[in-house]
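>>> Provided below for reference: sequence and predicted model.
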Amino acid sequence: MRWSILFFFLSWRFSVTAAVEEYREELTLRPLVDGKLAAHFSFSTLLRSAVPRDPSSLGTDDTSQHYTLFPLALGQILREHAIPEFHLTINSGKWDYDRWGHPGEPGVGSGAELWAWMGDGTAVQTSIDARWKALQNSLSGLFCASLGSMDALHTTSPANAFLPTGDLPRLLAPARDAYTLRHATLPAERVCTENLTPFLKLLPCPSRAGIAALLEPHRIFDADWHGLGVHVRWRADRGVQLTLTVQVVLDSVRTSTERRRDWTLESLFGRSLPRSCNVASSSVVLVTLPSDESAYTLSPEPHVSIEGTWSRTSDLNIVMKWPEEERFSYPLNIPPLSDLSVRRTLKGSSQTHGELSVVVRNNRPVPVRTHYLETMPWHVEFFLHTLTVTCGDRGVDCASLLTNMTYTPSRPHATPAQLLATLELPPHETLHLSLRVRKAFLRYTEHPPDAQRGWDLPPAVFVPFDAPHRRIYTPALLVDLATPDFSMPYNVIIMSSTLIALIFGSLFNMLIRRFVVIEVDVKVD
Amino acid sequence: MSGHSLKDPSTLLFQKQWIRRWIFGSYMALVLLGLPLWWRTTSIERLSLPTLRIDSLGGKELHLPLSVAIDAASTGTLSDSLVHRLRSTFESRKEQAPNLYSHLEFSVDSFQGAAPPDTYSVSLSEDAQFPIIQNKHLSVPIHQASKVPDLLISLLTPYETASPPGTFRHLVAKYSPRYRLSFTLLNEDAAAGKVVVGWDVAKMISRWIAPILEQTSELHNFTIESQIRFYAPLAFEPRILSNGEDMVHGLTQEHLKVFVNPAEWTLASGVSNDPVLHFVLFVPSDSHSPLRILNDASQPIFSDVFVLPQWGGIVLLNLPTDVPPKHHLTETELDHVFSSFQTQLRRLIGVSDLPPGVQSADPDRPLTDFQLDTLYRQRAFENAGSSKETLQSIIKLVHQIPNMPVGQDVRDDVRGALSALEVLYAGVWRVPASALQHSSRSLALASRAFFNPGMLALLYFPAEHKYAVYTPLFAPVAVPLVVTLLREVSAWRKDRREKRSAT
């Protein structure tokens, strides 16, 4: 495979003394086969040799926290709730795995997703559930997102599918079950400017210098797909690492008048890269070269050497052109770029029953083993005995390919159901899973304000065994539940009042009425 | 003949007059008995609050004795005149500011040998150069004997001596048992030239701030945190003053009031409700340096430090021109900054200054017992006052809004706050720290009751809704009852009239 990534350095520094805190920023630009461009911003701050707080120390006063590059607002949250690792992503749009391949950061499920690994506290107010709630509330406040509604109705613990990406510190207290995962998704949550503004404030160089200067809300939220991510992990040998990511898929064909896929930083983000962020240890722009055979030009000349200290003072505007192309023609057949192609649909027109159908295709020439995780709110109930697995188009029964199934049934009005299974996908094989479901009838107060819109169901997740970071999220589903007439309570009140009044009145009249025999003289002829 | 094949209905049991009246009476009784039950199950829980006890707090006063003892051995013949002059100085001070010092009960005496406990003792000394404070003892050089009354009164009742009067107290942050101290280094624009990338903040805090925190630990617990921000623009453009070749960017007094730019500076804390005291070291960008504070006559003043009342303190740091582009602030550069922060912290938590010329004998303890006791007394007095006000507001609010629920927890908090206040008012507190404990407990409970979310629950659900829901039931039921009642009454009156006319 040929070398297909080019580097542009805004600044690069090999620091002689390893500073306590270190900030690196990176932008990866990847032209896609359908003429779009995936941009992946990554801002990573390392708090060297810091250790996450032990949950047993939560009752006592914390030690003083002094940060230089690490954002204090986030540091406070981590210390206050003793969180060694958490991941928050808020995305908008549907990531097209087949055309765009795997994203730089795997969390691309639409809506908000939060998962955290937490050690068990000793007291009730520091229990995992209390801190999980507190973490959501703190993050909601910090990012202006309504994560607070990730209550028990949304929370599960699929520990096999979401393994910690870093290390977990040894707990001081003799906890029985050391670490626990909490995971929740809100598929209906949308990402917007009010989330990006506080997000940018966490960066050492917000919006004035460095790569973050390109994050112009009008361009970001105009993109076909956009998402924010906050990832905190701890590595025993390095320290606490915070990575803030922004991913966007921009369509330069749509915005250009000549329908060309040429792009420049200025055409994509409305400005070129200004001066570098002078507290960043490195700030790098990477351009992945397109794999198709069309001729392109790239300017300016990228830097490929990574020696010495280097800092850029003038503006950088990367330009990529396809000079021989008159206008971009969409390729008709794009071979899928991802390992798996997944399609998930909810069939059936009835408001009481339906059928969940999942079609998974292995695009690789080797067998793939993958976790299949399905989280369902309680109001969509699986009939597990109707689960069928068939292979290919002929409908051959392949139930043996689905193994290790664990199912946690939902509790009505309380917890969601969770189905975790292992799928063995033969090379280039398509698997059809189908499962009948029942849609529950909700209580009057359980409906959301926009009840007629339906309920968003969280995406299913496929986690390959050999590459857990290449998780695949299916698009979210919308389920239509029976909605009542919301003036119903008043009708019920009037109706039952009338009935009671009627019964009361007739009974009362019967008892109180005075019966008199009236003699009517009838003359019989 | 038309035989009476039908039974006469009036002979039926339930058609008898008295039985029908009984039936009707039982219906009425059932409805009348049911009404209170309905009323109780549909009404809001409003437990009664101890209104009378709270009202009776109105005229009460704290009793904080201030006993001063004069060492007769060292003062000799001056002793009696000192006692007399102290008393009159205190009386005049009390007259000047009756609402500030009315709770202090001043007494002065002279003693021989060891000083009595819980008193502030004064002696004259022949070898001292200046007045010295050691624990609760003030020793004044003999040639300054005439200044003793003023010194002592300034130490014990310092607030109105600050100049101009009243400025001191409005700086002081509202009392809270916990504070967050947030130290922030703000680079105005790191991308535009020189940037401060580090500071020895932990060492500086332990040198300048920690001793004060330790001494005031009876009053407050502190959480300390610090951060550096690299982009913190001002919300306004400073005034440019050119003075020959030098150009100075000036902050007018109006600018100081709007200096903090909350939209761009991320200083807020998201994890706790404790009040935050901010200490900001502001490094202006090249285009705004040197940045100086201007007086009313638009002239730069010497100081580059200012306090924002109840919010925190700000220090401006103009970097010298010869610093490297990435600068790490050293201890020597930070010493004056943190000494300013220390002064600002003392102001914000309400520590009074020593009168000019007076020194402490113990340099390791930055606050003397005189200052601490004064602070305890002042905070106890304030807390008692605001707790009383809070309780009165709760009563007033509950009285004004008939839909406001008052639950068990609110009542318990109010009672707890009230009994702590009553203990406080009943006692004579020779140790000011224990008065403070009761007062802060009372204040905490009273505020918790005041901000109890349960009190808002039904605020927006008027009683009319209740009637609207129940009218469809009550109206159709009431009509036959009322009609029957009228009919029975008229029948009974008719019966009586007939009987009377028969006799």
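Ah, there it is.
>>> any idea which helix is longest in chain B?
Determined from DSSP state H, the single longest helix within chain B is helix B:463-502.
>>> what mean pLDDT does it get?
For helix B:463-502, mean pLDDT is 86.
>>> next one: stretch A:35-49
Across stretch A:35-49, pLDDT averages out at 92.
>>> and that stretch, what's buried?
A:35-47 (16 or more other CB atoms under 10 Å in any protein chain shown). (Glycine included, C-beta is placed from N, CA and C.)
>>> what do you get for stretch B:410-430?
Buried-residue list, stretch B:410-430, by 16+ other CB under 10 Å: B:410-411, B:413-414, B:416-422, B:424-425, B:429.
>>> quick one: it to chain centroid distance?
Chain-centre distance of stretch B:410-430: 16 Å, with CA atoms, centre = their mean, to the nearest Å.
>>> hmm, who's touching that stretch?
The contact list for stretch B:410-430 (CB atoms under 8 Å, 6 or more residues apart in numbering or on different chains) reads B:47-50, B:53-54, B:57, B:60-65, B:67, B:105, B:118, B:380, B:384, B:387-388, B:390-391, B:394, B:435, B:438-439, B:441-443, B:445-446, B:448-449, B:452, B:454-455.
>>> those: which ones sit near chain A?
With CB under 8 Å from any CB of the partner chain as the criterion, the contacts of stretch B:410-430 include none near chain A.
>>> now those: which count as buried?
Among the contacts of stretch B:410-430, those classed as buried by 16+ other CB under 10 Å are B:49, B:54, B:57, B:62-64, B:67, B:380, B:384, B:387-388, B:390-391, B:394, B:435, B:438-439, B:441-443, B:445-446, B:448-449, B:452, B:455.
>>> those in strands, which ones?
Using DSSP state E, the subset of the buried ones among the contacts of stretch B:410-430 located in strands is B:Leu64, B:Ser67.
>>> just the ones of the buried ones among the contacts of stretch B:410-430 in helices?
Judged by DSSP H, the buried ones among the contacts of stretch B:410-430 include B:54, B:380, B:384, B:387-388, B:390-391, B:394, B:435, B:438-439, B:441-443, B:445-446, B:448-449 as members of helices.
>>> among the buried residues of stretch A:35-49, which lie within strands?
Counting by DSSP E, the buried residues of stretch A:35-49 place A:Lys36, A:Leu37, A:Ala38, A:Ala39, A:His40, A:Phe41, A:Ser42, A:Phe43, A:Ser44, A:Thr45, A:Leu46, A:Leu47 in strands.
>>> just flag the most distant two among these.
Greatest spatial distance among those (CB to CB): A:Lys36 and A:Leu47, at 35.6 Å.
>>> residues touching residue 485, list them.
Let's take chain A. By CB under 8 Å, 6+ apart, the contact set of A:Asp485 is A:Asn491.
>>> that's the other chain; I wanted chain B
By CB under 8 Å, 6+ apart, B:Leu485 lies in contact with B:Phe24, B:Met28.
>>> measure it to B:Phe14 for me?
From B:Leu485 over to B:Phe14 the distance is 18 Å, taken as CB to CB, to the nearest Å.
>>> please apply the same query to B:Val83.
Taking CB to CB, one finds B:Val83 at 98 Å from B:Phe14.
>>> same question for A:Ser329.
Per CB to CB, A:Ser329 is found 96 Å from B:Phe14.
>>> which of those two has more neighbours?
B:Phe14 (14 against 11; other CB atoms under 10 Å in any protein chain shown).
>>> quick one, what contacts the more buried one?
Shown in contact with B:Phe14 (CB under 8 Å, 6+ apart): A:Leu511, B:Arg20, B:Ile23.
>>> so how far is the helix or strand harbouring B:Val315 off the chain centroid?
Using DSSP states H and E, B:Val315 sits in strand B:312-316. Offset of strand B:312-316 from its chain centre (CA atoms, centre = their mean): 23 Å.
>>> next one: stretch B:379-388
Computed by CA atoms, centre = their mean, the chain-centroid distance of stretch B:379-388 equals 8 Å.
>>> now B:Leu124, what's its secondary structure?
On the three-state scheme (DSSP: H, G, I helix; E, B strand; the rest coil), B:Leu124 is labelled strand.
>>> and if you look at B:Leu151?
Per three-state DSSP, the secondary structure class of B:Leu151 is helix.
>>> from B:Gln344, how far off is it?
25 Å.
>>> equivalent analysis for B:Ser67, please.
Distance check for B:Ser67 against B:Gln344: by CB to CB, it reads 33 Å.
>>> do the same with A:Leu265
Using CB to CB, A:Leu265 is found at 45 Å from B:Gln344.
>>> what about the one residue in the stretch 101-250 of chain B that gets nearest to chain A, how many residues close to it?
Among all residues of the stretch 101-250 of chain B, B:Ala191 sits closest to chain A, at 3.4 Å; criterion: CB to the nearest CB. Look at B:Ala191: counted by other CB under 10 Å, it has 20 neighbours.
>>> residues in contact with the closest residue in space to it that isn't next to it in sequence?
Counting by CB to CB, 6 or more residues apart in numbering or on different chains, A:Ala209 is the residue found nearest to B:Ala191 once chain neighbours are left out, at 3.4 Å. By CB under 8 Å, 6+ apart, the residues touching A:Ala209 are A:Pro274, A:Arg275, A:Ser276, A:Cys277, A:Asn278, B:Ala190, B:Ala191.
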